[in-house]
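[1] Predicted model and sequence below, questions to follow.
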Amino acid sequence: MRFEYILFDLDGTLTDPKEGISKSIAYALKKLNSVSLDEQTLELFIGPPLMESFCEFCGFDPQKAEKAIEYYRERFQQVGLYENKVYPGIDELLSLLKKKGVKLAVATSKLTIFAEEILNYFNLNQYFDVVVGSNLDGTQSAKHEVIQEVLKQLSSPSKQSVVMIGDRKYDIIGAQKEGITSIGVCYGYGSREELELAKPEGIVQDIQELSKYLLNV
C-alpha cells in the first residue's frame with residue numbers, strides 16, 4: 001500500500017446527498033421568502049461551507065446567511081440526513097482498505113455531528129478511525145482546517161503517507177495547503193475541469209478506478 005492513511009470527503013465521495021441537501025436548501029429559502037434556485041445551482045451547494053454558498057449563490061449578507069443555515073439545519077437534521085445514498089462499491093472498498101490495515105478518516109465541511117449520524121445510519125462508521133467536520137459555531141469549516149484536525153487526531157503521521165480523496169476543488173486545495181497528496185473523483189459533484197484546474201496528483205472516473213489507484217492493482 002502506498003498510503004497508510006486515507007482521508008475521504010463525505011458528500012459526493014462516499015455518499016450522494018443531493019436530495020437531502022437540495023430539499024433543505026429549498027426549505028430554508030422558502031422560510032426566508034427568497035427566490036428559489038434551479039437544480040444546477042442547488043448542486044453547487046454540495047461541497048463548500050454553507051455560509052460561503054448562501055453568500056455566493058443567493059447574494060446573502062453574513063447575517064442572512066446565518067439565518068438560512070439555521071433553517072437548513074432545521075430540516076436537514078430531521079429528514080435531510082437520511083435522504084442520502086451510499087455510492088455502489090464504497091462499502092466494499094472501505095472494507096478492503098480496512099483489512100489491509102489502512103487508517104481511514106472522514107474530512108468534511110459538514111457538521112461533525114451530522115457526518116457521524118450519516119455514517120452510523122449507513123453502517124459506514126465501522127471503517128473510520130477519525131471523523132472530523134465543521135463545528136456548530138461555524139468554525140473549522142474550511143477544508144484545510146478540517147484536514148489539519150484529522151491529522152492531529154491521527155497523531156500527526158508523515159504527510160507522505162497520507163492522501164485526501166474528494167470530488168470538489170475544495171478537497172484538493174485543502175490537501176495542498178496541508179502538504180498531502182490528493183485524488184479527485186469524477187463521480188461526485190465537481191466537474192473534471194474543476195478538478196483539473198485544482199491540480200490533484202490524480203483524477204479517477206469511478207470507484208473501480210479509485211480502488212485500483214489506492215490498492216496499486
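    In hand now; what should we look at? Worth saying up front: this structure is predicted, and the values here are computed from it rather than measured.
[2] so residue 67 touches residue 29, yeah?
    No. Because the distance of 10.9 Å does not satisfy CB atoms under 8 Å, residue 67 is recorded as not touching residue 29. Quick note: C-beta positions are derived from backbone N, CA and C, even for glycine.
[3] Settle it for me: which of the two has more neighbours?
    More neighbours surround residue 29 than the other of residue 67 and residue 29, with 20 against 14 (other CB atoms under 10 Å).
[4] What are the boundaries of the helices in this structure?
    In the chain, the helices defined using DSSP state H lie at 18-31, 39-43, 50-58, 62-76, 90-99, 112-121, 143-153, 169-177, 192-198, 207-215.
[5] which residues does the residue lying farthest from the centre of the chain contact?
    For the chain, the largest distance from the centre (CA atoms, centre = their mean) belongs to residue 33, which lies 28.6 Å off. By CB atoms under 8 Å, 6 or more residues apart in numbering, residue 33 lies in contact with nothing.
[6] burial count for residue 158?
    9.
[7] ugh, wrong one, I meant residue 208
    Neighbour count of residue 208, defined by other CB under 10 Å: 11.
[8] what's near enough to touch it?
    residue 89.
[9] Quick check: the gap between it and residue 18.
    Applying CB to CB, to the nearest Å, one obtains 22 Å for the distance of residue 208 from residue 18.
[10] Need the per-residue pLDDT for the nearest residue to residue 203 once chain neighbours are set aside.
    Setting aside the residues directly before and after it, residue 203 is nearest to residue 184 in space (CB to CB, 6 or more residues apart in numbering), at 4.5 Å. Predicted confidence (pLDDT) at residue 184: the value is 98.
[11] Tell me which residues touch residue 184, please.
    Contact partners of residue 184, counting by CB under 8 Å, 6+ apart, are 166-167, 171-172, 190, 195, 198, 200, 202-204.
[12] what do you get if the cut-off is 10 Å, keeping everything else the same?
    By CB atoms under 10 Å, 6 or more residues apart in numbering, the contact set of residue 184 is 13, 164-169, 171-172, 175, 190-192, 194-196, 198-204.
[13] Show the average pLDDT along the longest strand anywhere in the chain.
    What stands out as the longest strand in the chain, according to DSSP state E, is strand 103-111. Confidence for strand 103-111, expressed as mean pLDDT, is 96.
[14] Grab the CA positions of that strand and hand them over as PDB.
    Included here for strand 103-111 are C-alpha records, laid out as PDB according to Å, rounded to 0.1, in the frame of the first residue of the first chain:
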ATOM      1  CA  LYS A 103      -6.200   4.100   8.800                       C
ATOM      2  CA  LEU A 104      -9.300   5.700   7.400                       C
ATOM      3  CA  ALA A 105     -10.800   9.100   8.200                       C
ATOM      4  CA  VAL A 106     -13.600  11.300   7.000                       C
ATOM      5  CA  ALA A 107     -12.800  15.000   6.400                       C
ATOM      6  CA  THR A 108     -15.900  17.000   5.600                       C
ATOM      7  CA  SER A 109     -17.200  20.600   5.800                       C
ATOM      8  CA  LYS A 110     -20.500  19.200   7.000                       C
ATOM      9  CA  LEU A 111     -21.100  19.500  10.800                       C
END
